[in-house]
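Chemist: give me a model of this one.
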Amino acid sequence: MNPMGNLSMPRTDLALEIRETFPENDTQIQGVLLKEEYNKKRDIKVTTVTIKDDRGAKAMGKPIGTYITIESAKLDEKDESFQEPITKEVAKYIRQLAGDVKGKEILVAGLGNREVTPDALGPQVVDNLLVTRHLKEEYGEEFLERNKMGNISAIAPGVMAQTGMETSEILKGIIKETNPKLVVVIDALAARSVDRVNKTIQITDTGISPGSGVGNNRKELNKKSLGIDVIALGIPTVVDAATIVRDTMEHYMQGQDFSEQETNQFINEVGEHSIRNMFVTPKNIDEAIKQISYTVSEALNQSFV
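Modeler: Residues are numbered from 1 along each chain as shown. Modelled structure (predicted):
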């Protein structure tokens, strides 16, 4: 994902938001398919962006593959009547991208810094996960089947400032020793829209570049770099401050009859001096991460039984 260095192009990790920047009839977006579904009863919207070829990848600035976005206003709420259906929905799309891995070992990697709440999603998902690989080693595969458990191992590798190592280096070592069939990477993302923070889940079969949405790129985690299939699941927990400034100023300046060019120039000049590297998260982020991490861990537990 390109860091998007000026305020006219706010940072986002969501393929859906990048797709939304293009008009429907824009020829530059050839090679990209968009499919939308909405469950009115559950208030869950699912959008699938499929990048089919190099043209689409170039236009989107993302690798060829499938990007599934699940949106719901209740995602971060403690509503038991909703958490079960959203868990099943997430599990359904994880299985769709994973293919036939029943009984195979799955490695879940919870990326991020657990000491920084907006970045603690991955480690908290791992904390809540039902890890079972050791049970197979001790009691055999029949034990997992009889108790309807997947074969799951997990790691929260921390961040480079804590370990001095790239996450890809850590995962390569684990993969070499344990030989999983699939890696599922969990990470916090950055969104373009305030309304999507803690309300959106993106699942993709293309892997991930940790920290890309906030301009802190680390080595990519994908099939090419790790040698096995990678599914990335991410939830936006922050918004670029530039996005908030732009939306507010754009609305005001258009009301004052400023041109689009004048508006963009003014906002970019403001950003250069004050808010280029600032990100904003909701005040209830602690409770939101706790709830969402539980939902994601339950979806993972259901996905690989």
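
Chemist: got the phi and psi for the residue most central in space within the chain?
Modeler: Most central in the chain under Cα atoms, centre = their mean is G234, positioned 1.7 Å from the mean C-alpha point. When read as degrees, to the nearest 10, the backbone of G234 gives phi -140, psi 150.

Chemist: where does the prediction get shaky in this protein?
Modeler: Across the chain, the ranges flagged by pLDDT under 70 are 1-10, 24-28, 210-218, 270-276.

Chemist: show me where it has strands.
Modeler: 32-39, 44-51, 65-71, 105-110, 151-155, 182-191, 200-204, 229-240, 279-280 (DSSP state E).

Chemist: put together CSV for those, with distance to K58 on each row.
Modeler: Heads up, the C-betas are built off the backbone N, CA and C, glycines and all. Below are those laid out as CSV (distance: least, Cβ to Cβ, whole Å):
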stretch, distance to K58
strand 32-39, 10
strand 44-51, 10
strand 65-71, 14
strand 105-110, 29
strand 151-155, 34
strand 182-191, 22
strand 200-204, 18
strand 229-240, 21
strand 279-280, 27
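
Chemist: what's across from the nearest residue to the residue nearest to the centre of the chain once chain neighbours are set aside in the sheet?
Modeler: With Cβ to Cβ, 6 or more residues apart in numbering as the criterion, G234 has its nearest non-adjacent residue at 4.1 Å, and that residue is L189. On the basis of DSSP bridges, L189 is bridged to P236.

Chemist: relative to V131, how far out is L189?
Modeler: Using Cβ to Cβ, to the nearest Å, L189 is found at 24 Å from V131.

Chemist: next one: A188
Modeler: 21 Å.

Chemist: looking at the two, which is more packed in?
Modeler: A188 (27 against 16; other Cβ atoms under 10 Å).

Chemist: for K88, which non-adjacent residue is spatially closest?
Modeler: Q302 (7.1 Å).

Chemist: ok, now which ones touch the one you found?
Modeler: T87, K88, A91 (Cβ atoms under 8 Å, 6 or more residues apart in numbering).

Chemist: just put those in a markdown table and tack on neighbour count and distance to E137.
Modeler: Converted to a markdown table, the contacts of Q302 look like this (neighbours: other Cβ atoms under 10 Å; distance: Cβ to Cβ, whole Å):
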| residue | neighbour count | distance to E137 |
| --- | --- | --- |
| T87 | 20 | 28 |
| K88 | 13 | 29 |
| A91 | 19 | 25 |
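
Chemist: K41: which of those is nearest?
Modeler: K88 (13.3 Å; Cβ to Cβ).

Chemist: ok, now which ones touch the nearest residue to A299 once chain neighbours are set aside?
Modeler: Leaving aside its sequence neighbours, A299 sits nearest to V90 (Cβ to Cβ, 6+ apart; 3.8 Å). Going by Cβ under 8 Å, 6+ apart, V90 touches I70, I201, I203, L233, T295, V296, A299.

Chemist: I figured the last one hits I94, correct?
Modeler: Yes - counting by Cβ atoms under 8 Å, A299 sits close enough to I94 to count as a contact (6.4 Å).

Chemist: okay, the residue nearest to G234 and K290: tell me how far apart.
Modeler: From L189 over to K290 (counting by Cβ to Cβ), the distance is 18 Å.

Chemist: more crowded one of the two?
Modeler: Taking other Cβ under 10 Å, L189 and K290 do not tie; L189 has more neighbours (27 against 17).

Chemist: measure the more buried one to A59 for me?
Modeler: Taking Cβ to Cβ, one finds L189 at 20 Å from A59.

Chemist: please apply the same query to R133.
Modeler: Between R133 and A59 the distance is 41 Å, computed by Cβ to Cβ.

Chemist: then F82?
Modeler: Computed as Cβ to Cβ, the F82 to A59 distance reads 36 Å.

Chemist: likewise for G110?
Modeler: 32 Å.

Chemist: which of these two has more neighbours?
Modeler: More crowded of G110 and A59, by other Cβ under 10 Å: G110, with 27 against 19.

Chemist: contacting residues for the residue lying closest to that one once chain neighbours are set aside?
Modeler: Closest residue to G110 apart from its sequence neighbours, by Cβ to Cβ, 6+ apart: G122 at 3.2 Å. Contacts of G122 were listed using Cβ under 8 Å, 6+ apart, and they are A109, G110, L111, G112, A156, V185, I186, D187, A188.

Chemist: okay, helices next: where are they in the stretch 101-250 of the chain?
Modeler: Remark: helices assigned in the stretch 101-250 of the chain by DSSP state H, counting those that start in this stretch are 121-128, 133-139, 141-146, 160-163, 167-178, 223-226, 241-255.
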